[in-house]
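Asks: Just the structure for this:
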Amino acid sequence: MTEIVAHHGLFKNTNLHVDDTGGTGRPVVLIHGWPLSGEAFKNQVPALQAAGYRVITYDRRGFGRSDKPMTGYTYDTLTEDLQALLEELDLRDVTLVGFSMGGGEVARYFSKYSPERIRSVVFASAVPPFMMQGEDNPDGPLTKDAAAGMTKDLTKDEESFYDGFTTDFFSANGELKVTEGQRQEALDLCRQADKKAALACMEAFGTTDFRDDLLKVTVPALVLHGDADATVPFEGSGQRTHATLAGSDLHVIKDGPHGCNVSHPDEWNQALITFLAK
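Replies: Now for the predicted structure:
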């Protein structure tokens, strides 16, 4: 466990909580989804470590055990935080694994930085290429009305919103695919999120257009998604990302909900480890 200080932006001393297994293996950085924390990967870290990799997770600013500044919740700033981590730990030959919202940092990285540190990337249940539906993005899986409803509900009652959100997060075709205990663990992580950060990041992942960012991805890529994802539907996100990234690998988990890394951990982990071994 360590702390990385992101020296940029208005709040120049934003501490990011980092968990690093250490060792000499190739580094894999796991970037969590909204509104969770690095602890959401507890089913992945031991499997990756056993396969010989150095595994790094961190809590996005505003979430988990990281600092919760007033601002800094655009993808440009969040990607600067990721770069601060890579530089501070001097990570090279890295695989970036972006889950859900975390896929946005992975995509934006290639517009902001040279890919010299990056070996490969994974878009897992990820929000690119562009969530918000509109005239120039008719296949976007998020309507403006749905986004407005989410903002209203979270603003009004965090506890009620997160209770419903975690149920949808782990459900496929109306059926909860994890234990109630696992859902409660995720709910506890949601409660660690700062409300202003959660609202700002909700806007960021809903309205940021990553289509041009994806065109700049020059390293091998894996798209990993559940086919029953009701939060970030595969057809409007993962399928389009795979089509954009020429030569990318695709693994679709049958009956997988959004949180398929928890509902189907063995299949999820094996798909990732197989890709890492290439």
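Asks: So what's the residue count around residue 21?
Replies: Residue 21 is flanked by 16 other residues according to other CB atoms under 10 Å. All C-beta atoms are positioned from the backbone trio N, CA, C, and that covers glycine.
Asks: The helix or strand harbouring residue 270: how far from the chain's middle?
Replies: Here residue 270 sits within helix 265-276, counting by DSSP states H and E. Using CA atoms, centre = their mean, to the nearest Å, the distance from the centre of helix 265-276 to the centre of the chain it belongs to is 16 Å.
Asks: can you list contacts of that helix?
Replies: With contact meaning CB atoms under 8 Å, 6 or more residues apart in numbering, helix 265-276 is reached by 26, 28, 43-44, 47-48, 51, 53, 95, 97, 120, 122, 124, 220, 222, 224, 249, 251, 253, 260-261.
Asks: What mean pLDDT does that helix get?
Replies: Here helix 265-276 scores 98 as its mean pLDDT.
Asks: Return the set of buried residues in it.
Replies: By 16 or more other CB atoms under 10 Å, the buried positions in helix 265-276 come out as 267-269, 271-273, 275-276.
Asks: Kindly report the same for stretch 253-263.
Replies: Result for stretch 253-263 [16+ other CB under 10 Å]: buried residues 253, 256-263.
Asks: same check, this time on stretch 39-56
Replies: By neighbour count on 16+ other CB under 10 Å, the buried set for stretch 39-56 is 39-41, 43-45, 47-49, 51, 53-56.
Asks: One more: stretch 155-172?
Replies: Residues 158, 161-162, 165-166, 169-172 are the ones in stretch 155-172 that count as buried (16+ other CB under 10 Å).
Asks: Of the buried residues of stretch 253-263, which is the nearest to residue 199?
Replies: residue 258 (19.6 Å; CB to CB).
Asks: start to end distance for stretch 17-35?
Replies: 15 Å (CA to CA, to the nearest Å).
Asks: Can you give me the buried ones in that stretch?
Replies: Buried positions in stretch 17-35, judged by neighbour count with 16+ other CB under 10 Å: 17-21, 26-35.
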